[in-house]
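Student: coords below, sequence missing:
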């Protein structure tokens, strides 16, 4: 059973920064792609960023490119999302997701991820 636990959310002013963490357990973390998605009130969940099982290959949504950085520490079974220059439009519940197939590249669609965390709230005030 794979478990994902997010942390690091909170309230921040526009222009500020936050770092989200997602701790994974239950299988060989380093063999799977990891992603971050978010869901704002009244909107569908959307892709934010993802990182392949091998460190170095990352993809981002256009809306966060240049402001957010995804990274992973395979020794700690943890994936991070460093968020800078936050905007009120970044306000959402942020979800960590783990790929279902080992050695599969990072993807942008929810269907490519088999496991999800419970989410952590990020609120950016103007």
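Tutor: Cool, the structure landed. Please read these numbers as outputs of a predicted model, since none were measured by experiment.

Student: where along the protein do the strands fall?
Tutor: 3-7, 10-13, 18-25, 34-39, 46-51, 58-60, 68-73, 78-83, 92-99, 113-116, 120-125 (DSSP state E).

Student: Can I get these in CSV including mean neighbour count?
Tutor: In this view, the C-beta of every residue, glycine as well, is placed from N, C-alpha and C. Below are these laid out as CSV (neighbours: other C-beta atoms under 10 Å):
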stretch, mean neighbour count
strand 3-7, 17
strand 10-13, 13
strand 18-25, 19
strand 34-39, 24
strand 46-51, 22
strand 58-60, 17
strand 68-73, 18
strand 78-83, 22
strand 92-99, 23
strand 113-116, 18
strand 120-125, 17
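
Student: Would you tell me which of those strands gets closest to residue 106?
Tutor: strand 46-51 (3.6 Å; C-beta to C-beta).

Student: check contacts around residue 98.
Tutor: The contact partners of residue 98, by C-beta atoms under 8 Å, 6 or more residues apart in numbering, come to 2, 4, 24, 32-35, 113-116.

Student: Would you confirm that residue 85 contacts residue 69?
Tutor: No - at 11.6 Å, residue 85 does not count as touching residue 69 under the criterion of C-beta atoms under 8 Å.

Student: does the residue nearest in space to the middle of the chain have beta-bridge partners, and which?
Tutor: Taking C-alpha atoms, centre = their mean, the centroid of the chain lies closest to residue 36, which sits 2.2 Å from it. The partner list for residue 36 in beta bridges (DSSP bridges) reads residue 49, residue 96.
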